[in-house]
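Student: What follows is a predicted protein model with its sequence.
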Amino acid sequence: MSEVKKLWLTALRDLERFANNKYWLAAQIAMNLADIFIFALVFRGFIKRDIVPDYLQYMTPGAVALATFVAAFSIGREVGMEVRRELVDYLLVLPMKRTTLVFGRILSGMLRGLIYQVPFIVIAMILLSPPTIGKTPILIATSIILTTTMSSLAIAVSTISRDFNIQATFRALTHYLLFFFSNVFYTRKALELRFPQPLPDIINIMPISIAADIYRWCFNYYQSIDIWQKLLALAVWGTILTLIATTIYLRNLTKR
Amino acid sequence: MIYMSSLLKDLRYILLLVQWDLTKIVRRVIFVAMRSTWFVIQVVFFGPVIAQMVNARGIGLDVSSYYNFYLLGIYTSILFTITASRAYDIAEEFEEGIIEYQLSLPMNRKILALGRAIGSGIASTLFTLPMFLTVIILTREFDLLAIAISIVSALIFSIAISGFVLTTTLSIKSSDATDIIMGVLDAILVRLSTIFYPAVILKNIAPYYYAAIINPLSHLADLLRIFYSFEEFKEIVVINPEAMASYILGLFIGFTVLAMYVIEKKIEGGGWR
């Protein structure tokens, strides 16, 4: 059996277990939907129009970006459990290269992220407008890069320790960092009014911010952005984070 | 004399159960650290930016007044989340057989329910006390009477939510169902209340407004706001202060009695899913 097929089988095995998280997923979906249909909808009537003309339309693509994070992190929880219960020993004796195993897990997290994201893309298409044919490949590429990055990150932070509490803390801190220090909830203009540079600039180049901006362009909220520059920046973030995360996971697989 | 001795015994049991809940929350160091980090980010980062974005003047507030409004809302939110998270502790206790052990103790089950509700309420309120003090420092309101009444209101609210959590978790007897119910409730109740936005803004969407009126979180958040600056917030709260205080008191009595009823009449050991 080729390594590619083994990688695919590893990913499929993890994908089949995605439904096991249905209770956790239901709560996450409720939270994401509440962010759009309650939080953003109410704030639409309260946010200054000169800062954000339509807050619901501004926030929805951001919620699409955040959705990838939630689903990809479900693989992090499972990998964390494997480390705690020493199931990694079993995984290491499987007849496949360690890199195949690692990339199989990342691929699975990516697929979970993409599946979870679909309903939110549909919601964004309804609340804003569907992407044009030309923008669709960019939307797909953005989702693939983002879900891969989030999946790698989730796996890496979940294997840092064997202690469940420390794993959960690292996951939560990563969540907070990506969630709050992004432009999902606030515009650059609002950040500049409150905080000095370079903070607004830094937040604007965070991966979730870049992805949210691309989604806003894809769903026609922004008429024009430097799309190739944004896509390149996201790809650079994705490559760096995935490489670091892969190295950490490979190291932690055998660390005792 | 016999009545007095029985009362003292019951009070001793309640004290022991309160101690039990306090020990449980002290052990959750990582949970404490995570919630504290969330609170710090809300106070230092999220709140100030949102205050810049909202049209506070449209409802008679300025940026700093809205920030104070937000802080008291965030405090209510974290108090609710931490009290509701006691559901996971209770689920864990059920899985470990501790609930069965407690049910078999030679004490009145009503006392068991009351002790657990009060214990959870005190533990959650104590846990959020540093956050409450942070809010006081940031809002620069040092009225001792307001501080005392606020802490008492927070405690009564927390005991009420603990009663609800006990009733729900022990009735459904399922870790998965507890997980989803508490997760969804937290997501919906926090957003569908006056924690982030005042009732006058919610009036734009009628179903949300009516949901916020019956939402306990709206009542505690707005009551705390009234304690701190009656003049500033009196026009934008969900309902008049007496009604809010009565609502929280009613909730406390209702959920505590419900927890006592469920634990005394409905609960038996085993059957955990």
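Tutor: Good, I have the coordinates.

Student: Most proximal residue of the stretch 1-150 of chain B with respect to chain A?
Tutor: Nearest to chain A in the stretch 1-150 of chain B, going by C-beta to the nearest C-beta, is residue B:30, at a distance of 3.7 Å. Every C-beta, even on glycine, is put in place using the N, C-alpha and C of the backbone.

Student: same question, chain B
Tutor: For chain B, C-beta to the nearest C-beta, closest residue to chain A: residue B:183, 2.7 Å.

Student: Quick one: name whatever helix or strand follows the strand or helix carrying the residue of the stretch 1-150 of chain B closest to chain A.
Tutor: Taking DSSP states H and E as the definition, residue B:30 sits inside helix B:29-41. The C-terminal neighbour of helix B:29-41 among helices and strands, as given by DSSP H and E, is helix B:47-53.

Student: tell me the mean pLDDT for that following helix?
Tutor: Mean pLDDT, helix B:47-53: 89.

Student: And for stretch B:60-77?
Tutor: Mean per-residue pLDDT for stretch B:60-77: 88.

Student: correct me, but residue A:26 touches residue B:181?
Tutor: No - counting by C-beta atoms under 8 Å, residue B:181 is not a contact partner of residue A:26; they are 9.9 Å apart.

Student: Can you tell me which residue is spatially central in chain A?
Tutor: residue A:69 (2.9 Å; C-alpha atoms, centre = their mean).

Student: Please look at that residue and residue A:182 and confirm they touch.
Tutor: No - with contact defined as C-beta under 8 Å, residue A:69 and residue A:182 do not form a contacting pair (10.0 Å).

Student: For these two, list the residues in contact with both.
Tutor: residue A:208 (C-beta atoms under 8 Å, 6 or more residues apart in numbering or on different chains).

Student: Mind giving me the packing neighbours of the host helix or strand of residue A:211?
Tutor: Assigned by DSSP H and E, residue A:211 belongs to helix A:207-218. With contacts taken as 3 or more C-beta pairs under 8 Å, 6 or more residues apart in numbering or on different chains; DSSP states H and E, helix A:207-218 sits against helix A:55-84, helix A:136-158, helix A:164-180, helix A:227-254.

Student: Following element in sequence after the helix or strand of chain A with the lowest mean pLDDT, please.
Tutor: The weakest-scoring helix or strand in chain A, judged by mean pLDDT, DSSP states H and E, is helix A:164-180 (a mean of 76). Going down the chain from helix A:164-180, the next helix or strand is helix A:188-194, by DSSP H and E.

Student: Can you name the residues in contact with that next one?
Tutor: Contacts with helix A:188-194, where a contact means C-beta under 8 Å, 6+ apart, come from A:51-52, A:183, A:199-200, A:203-204, B:48-49, B:51-53.

Student: Kindly recompute the last result at 6 Å.
Tutor: Outside helix A:188-194, the residues that touch it by C-beta atoms under 6 Å, 6 or more residues apart in numbering or on different chains are A:51, A:200, A:204, B:48-49, B:52-53.

Student: what helices or strands is the helix or strand that it is followed by leaning on?
Tutor: Counting by DSSP H and E, the next helix or strand C-terminal to helix A:188-194 is helix A:199-204. Packing contacts for helix A:199-204, counted by 3 or more C-beta pairs under 6 Å, 6 or more residues apart in numbering or on different chains; DSSP states H and E, involve helix A:188-194.

Student: Mind checking the pLDDT average for the helix it packs on?
Tutor: 85.

Student: Pull out the buried positions in that helix.
Tutor: Going by neighbour count (16 or more other C-beta atoms under 10 Å in any protein chain shown), the buried part of helix A:188-194 is A:190-191, A:193-194.

Student: if we can go back for a sec, of the contacts of helix A:188-194, which is the nearest to residue A:18?
Tutor: Nearest to residue A:18 among the contacts of helix A:188-194: residue A:204, at 32.6 Å, using C-beta to C-beta.

Student: Residue B:150 and residue B:226 touch, don't they?
Tutor: No - under the criterion of C-beta atoms under 6 Å, residue B:150 makes no contact with residue B:226, lying 10.0 Å away.

Student: Other residues contacting the helix holding residue B:30?
Tutor: The contact list for helix B:29-41 (C-beta under 6 Å, 6+ apart) reads A:165, A:169, A:172, A:176, A:180, B:78, B:131.

Student: just to revisit the earlier point, quick one: closest of the helices and strands packed on helix A:207-218 to chain B.
Tutor: That would be helix A:164-180 among the helices and strands packed on helix A:207-218, by C-beta to the nearest C-beta, at 3.7 Å.

Student: Pull out the CA atoms of that closest one and give them to me as PDB.
Tutor: Taking C-alpha atoms only, helix A:164-180 is exported to PDB below (Å, rounded to 0.1, in the frame of the first residue of the first chain):
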ATOM      1  CA  PHE A 164      -5.300  17.300  30.400                       C
ATOM      2  CA  ASN A 165      -5.500  20.600  32.200                       C
ATOM      3  CA  ILE A 166      -2.300  21.900  30.600                       C
ATOM      4  CA  GLN A 167      -3.600  20.700  27.200                       C
ATOM      5  CA  ALA A 168      -6.900  22.400  27.700                       C
ATOM      6  CA  THR A 169      -5.200  25.600  28.900                       C
ATOM      7  CA  PHE A 170      -3.000  25.800  25.800                       C
ATOM      8  CA  ARG A 171      -6.000  25.200  23.500                       C
ATOM      9  CA  ALA A 172      -8.000  27.900  25.300                       C
ATOM     10  CA  LEU A 173      -5.100  30.400  25.100                       C
ATOM     11  CA  THR A 174      -4.600  29.700  21.400                       C
ATOM     12  CA  HIS A 175      -8.400  30.100  20.900                       C
ATOM     13  CA  TYR A 176      -8.400  33.500  22.800                       C
ATOM     14  CA  LEU A 177      -5.400  34.700  20.900                       C
ATOM     15  CA  LEU A 178      -6.800  33.900  17.500                       C
ATOM     16  CA  PHE A 179     -10.400  34.900  18.500                       C
ATOM     17  CA  PHE A 180      -9.900  38.200  20.100                       C
END
